[in-house]
Each structure stands twice: as structure tokens, then as C-alpha cells.
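Q: Starting from these lines, generate the structure:
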Amino acid sequence: MKQLAHYLFVQQRHNWVLLFRFGLVGGSGVIVNLVVFGLVKHLFVDAGDVFFGLPGTDKAVRWYHVYSTIAFLFANVWNFQLNRNWTFASGKHAGWWKEYTPFVAVGFMGQFINLVVLTLLLHQGSPIELPGSVWNGDGILRDRELLAQLIAVAVVTPISFVLNKLWVFSSVRGIQGGRGS
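A: Purely as a prediction, here's the structure:
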């Protein structure tokens, strides 16, 4: 047991620091995401309205999918810049676009999962639908779409951390001569 504790808390200390920093950056990214989501939701049409129907089905892309994607793009650039310069300190290892391309690829994978979770939380009849009777939009704390977006982001965050740590920010170091991760 002592060996496990030593391994986890001494030998892996650097990874705990990275996870803490990633969490702080992610927390600020969640704020950016929710502010942008709330702003575009407030400025444009009702989030539940149909953006466009999916041909050959009774399914549709709704405005909340669009709002979520816009919020993702803003938060993705925000998080990338902070993670690049502070969490993983990789700015000296590769060019911005060289790192951003895999970061945004990971982000789009996460955004796909985010949209699935968002749909499950907001789609009428879903087994995990947020009830409209409770989350009726009476104030920001009862905003159903905003809560669903927050839950979806929370689901995606651990997946994003692992993929970014193992692929995006460590791979560029290997390309640049194997400097430590």
C-alpha cells in the first residue's frame, strides 16, 4: 500500500499538478462556454426551435445544438491558449497551428459527445430528460438549456483531459526532440 501511495502521490505528482491546472483552465472555459451559450441564446431565437430537419427522418438539429457549437468554438480557443501556455507549457515545442489542429480535433470529438448528452437531456421522451416543470427558465438558475450544457461539458471534460495529455500536448514534444512531458 505504501508503494502505491508513493507511486500515486510522489512519482505521479507532476500529473496531479497538470490535472489541477487543466481543471482550472477547464473551469474558466466552462464559464466562457456558458456565457457565450447564454448570450447567443438570449440574442437569437428560442433554443428549442428547429434549425433544420434531418432529411428522411422526423429528427432535427435544434438551435441549442448551434448555440452549443458556437460556445464550444469560443471556449476551445480559450482553453487551448491557456493549456498551451500554462498547463502543458508546450508553446516552445511546436507552432500554434501544429498544436491547435489536434486540439480542435479532440475538441470536436468532445463536442460530438456534448451534443449527444445535450440532446438526451433536452429531448422530450428521453430517459434522462431534464423536466421542464422544474427547469422552466424562470431565471438563470432554472434555465434548462444552460443546465444541460453544463452537464454535457462536465461529462466531456475527463475524456478531453486524457486525450489532450496523451495525444495533443505530449506528441508535439516527441516531434521536437523528446523533451519531457
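
Q: Geometrically speaking, which residue is the centre of this protein?
A: With distances taken as Cα atoms, centre = their mean, residue 153 lies nearest the centre of the chain, 4.9 Å away.

Q: Let me know the average pLDDT across the host helix or strand of it.
A: Secondary structure from DSSP states H and E places residue 153 in helix 144-163. Mean pLDDT, helix 144-163: 86.

Q: List the buried residues for that helix?
A: 144-153, 155-157, 160-161, 163 (16 or more other Cβ atoms under 10 Å). Every C-beta, even on glycine, is put in place using the N, C-alpha and C of the backbone.

Q: List of residues touching it?
A: 19, 22, 26, 30, 33-34, 37-38, 41, 47-48, 64, 67-68, 71, 106-107, 109-111, 113-115, 117-118, 121-122, 130, 132, 135-137, 140 (Cβ atoms under 8 Å, 6 or more residues apart in numbering).

Q: Just the buried subset of the residues you listed, please.
A: Buried residues within those, counting neighbours by 16+ other Cβ under 10 Å: 19, 22, 26, 30, 33-34, 37-38, 41, 47, 64, 67-68, 71, 106-107, 110-111, 114-115, 117-118, 121-122, 130, 135.

Q: The residues you listed in helices, which ones?
A: Using DSSP state H, the subset of the buried ones among the contacts of helix 144-163 located in helices is 19, 22, 26, 30, 33-34, 37-38, 41, 64, 67-68, 71, 106-107, 110-111, 114-115, 117-118, 121-122.

Q: Could you give the number of residues near the closest residue to residue 45 other than its chain neighbours?
A: Spatial nearest neighbour of residue 45, excluding adjacent residues (Cβ to Cβ, 6 or more residues apart in numbering): residue 63 at 5.6 Å. Residue 63 has 19 neighbours, counted by other Cβ atoms under 10 Å.
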